[in-house]
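J.: Turn this into a model:
(chains A and B)
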There are 2 protein chains.
Amino acid sequence: MKNNSTVAVIGLGSMGYGIAQSIVRSGHAVHGYDVNEAAMTKLASEGGQAGALADIASTLDIVLVCVLNAAQTESVLFGGPTPLVPTLSKNTVVIACATVPPEFARTMDAKCMEHDVAYLDAPMSGGSIKAANGQLTYMASGSSEAFDMAKPALDASAQTVFRLGDTAGAGSAMKAVNQMLAGVHIAAMAEAITFGMTQGVEPAKFLEIISQCAGTSWMLENRAPHVVAGDYTAHSTVDIWPKDLGIVMDIAHASKFSAPLTAAALQQFIAASGSGLGLEDDAAVAKVYARNAGLTLP
Amino acid sequence: MKNNSTVAVIGLGSMGYGIAQSIVRSGHAVHGYDVNEAAMTKLASEGGQAGALADIASTLDIVLVCVLNAAQTESVLFGGPTPLVPTLSKNTVVIACATVPPEFARTMDAKCMEHDVAYLDAPMSGGSIKAANGQLTYMASGSSEAFDMAKPALDASAQTVFRLGDTAGAGSAMKAVNQMLAGVHIAAMAEAITFGMTQGVEPAKFLEIISQCAGTSWMLENRAPHVVAGDYTAHSTVDIWPKDLGIVMDIAHASKFSAPLTAAALQQFIAASGSGLGLEDDAAVAKVYARNAGLTLP
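T.: Now for the predicted structure:
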């Protein structure tokens, strides 16, 4: 393995930018791309490399794709007049980080394989702060060659890499399961913290007590403080959830799997987004409950 | 405070029996009562005291009521031809442990006060094993006198006593909030572990990975192992949840609070109970999901 890899990070949003920074810090050459040119300029000023993607595609060891969804991932890899993957060299690995249906990951893997490009199905978890600190968790699956080739980027950006199997799709499946639970737990926190208010339980007392009881969850302990503080600065936005729980429900439907709690949580996030809260922190789903019950949150 | 209190424990089910044992171990005189005479006989053989309740009522320092619900609690305290509370001495405290509506706790407190009997609204959390080990958590509220008088029994049976205020109702309110979350999280675990199976994620792998991810919860880590092991020996039964989430929904409805996730979870537990799983461990709600999706659980 080379000590200095050449990496393209495509998608410089809150997650991708942090990943790119972490890979720069590890001493690799990082070319960053985004529709937002300001993000590209900023990365170039912080140690990133310049250069049009088409010009450097054949020199890349790793292409890390950190965009919103399956459609954008496919567009990055195979869209446009000159699709990217056919221009990559045979020793390149694509690391696909978006939350996508497992079947989509398998399709992308097969299409990359046609061009002798390796594919790692590697959705992640952890949020923008962990991305910037190189402490993400990846739920990854793919061939051992794909893992080996991806190692420099994973080492630079991850605290934990779960290896979930040797074929694409298993990583995305586990990510879907995790997102189902995470989304339901955020909505459940919002439902319970506002229900408590109707019974005279103040949000701060709710957090103090419930975090020590059987009713606690990782998401409750992470998000309830935002409600208690009345601070909805977005660490992860409301709008993530109509997307991710929508993917989960689509997969579930295709598998004829009935998921009533996930369906209920999805509706609450859609209501949050529909009432103008889409870009707030996802704890703002509590505002839907508060509004429906005539409560005033902190 | 006396070193040796005289305590009646009324209701010797999985929780009450363990509480009675813990109080016996602490050196207090414990009279145990239950409609199941075998439980009374067993307790008497393990250090408990014999004697009809009517005969010893006036000698009691503490009456701990550990029955199923509000109706049974009221029946114990004020039902029958010779209601109990009027026969208690003025220095007696009632510790009421069932999950009940906060308004019911306030009513019981007022009725006990008419007879100069103290009342501690003290629903608990922790399960039968913690009850037997004296490691329960109480979510309690009441006057400081009620807490003082209850101290010998709480010290003997609790790891943690949350003091939630000086009036009855606050303890029951927090318990309702905790049960809302606990019930939703058990159903969410069941929904996610079976959804994962449709995507090729084995239950054991689900538990291994998700317990380290943002999708985890206290209930997931406690109950998912039962599904993985295929062991539905009841630690806490399915039938607890139609009762407790029913109480939560009743309180919510009375407060005009819309609780869609709780409603969805309640339906899954009703389906579990209705299909004959009521006396199995509550993790058996996963069987409803598995049946609906044609899956075979471990």
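J.: For stretch A:281-293, what is the distance to the chain centroid?
T.: The chain centre lies 23 Å from the centre of stretch A:281-293; the measure is Cα atoms, centre = their mean, to the nearest Å.
J.: right, I mislabeled it, should have said stretch A:74-82
T.: For stretch A:74-82, the distance to the chain centre is 21 Å (Cα atoms, centre = their mean).
J.: Identify the residue nearest the residue in the stretch 51-200 of chain A positioned nearest to chain B in space, chain neighbours excluded?
T.: Residue nearest to chain B within the stretch 51-200 of chain A (Cβ to the nearest Cβ): A:Leu181, separated by 3.3 Å. Just so you know, the C-beta spots here come from the backbone N, C-alpha and C atoms, and that holds for glycine as well. Closest residue in space to A:Leu181, ignoring its immediate chain neighbours: B:Gly215 at 3.3 Å, by Cβ to Cβ, 6 or more residues apart in numbering or on different chains.
J.: Distance check, that neighbour against B:Val201.
T.: When distance is defined by Cβ to Cβ, to the nearest Å, B:Gly215 is 12 Å away from B:Val201.
J.: Those two: who's more crowded?
T.: Neighbours per residue (other Cβ atoms under 10 Å in any protein chain shown) separate B:Gly215 from B:Val201, with B:Gly215 holding more: 28 against 24.
J.: which element is that one on?
T.: In this structure, B:Gly215 is located outside every helix and strand according to DSSP states H and E.
J.: Then A:Ala182?
T.: Element membership of A:Ala182, judged by DSSP H and E, is helix A:170-198.
J.: hmm, the helix or strand just after that helix touching chain B?
T.: Using DSSP H and E, the helix or strand that follows helix A:170-198 in sequence is helix A:203-210. Yes: applying Cβ under 8 Å from any Cβ of the partner chain, one finds that helix A:203-210 is in contact with chain B at A:Lys205, A:Phe206, A:Ile209, A:Ile210.
J.: Most neighbours among these, which one?
T.: Within these, neighbour counts (other Cβ under 10 Å) peak at A:Ile210, which reaches 28 neighbours.
J.: which other helices and strands contact the helix or strand bottoming out on mean pLDDT in chain A?
T.: When the helices and strands of chain A are scored by mean pLDDT, DSSP states H and E, helix A:127-132 comes last with a mean of 88. With contacts taken as 3 or more Cβ pairs under 8 Å, 6 or more residues apart in numbering or on different chains; DSSP states H and E, helix A:127-132 sits against helix A:14-25.
J.: Indicate whether the helix it packs on makes contact with chain B.
T.: No: contact of helix A:14-25 with chain B (Cβ under 8 Å from any Cβ) is absent, the minimum separation being 13.9 Å.
J.: Show the average pLDDT along whatever helix or strand comes next after that helix.
T.: Once the chain leaves helix A:14-25, the next helix or strand it forms, by DSSP H and E, is strand A:29-33. Model confidence over strand A:29-33 averages 97 on the pLDDT scale.
J.: circling back: hang on, isn't the residue of the stretch 51-200 of chain A closest to chain B packed against B:Ala190?
T.: No: A:Leu181 lies out of contact with B:Ala190 (Cβ atoms under 8 Å); the separation is 11.0 Å.
J.: Mind checking which of those two has more residues around it?
T.: In this view A:Leu181 and B:Ala190 are compared by other Cβ under 10 Å, and A:Leu181 has more residues nearby, 33 against 29.
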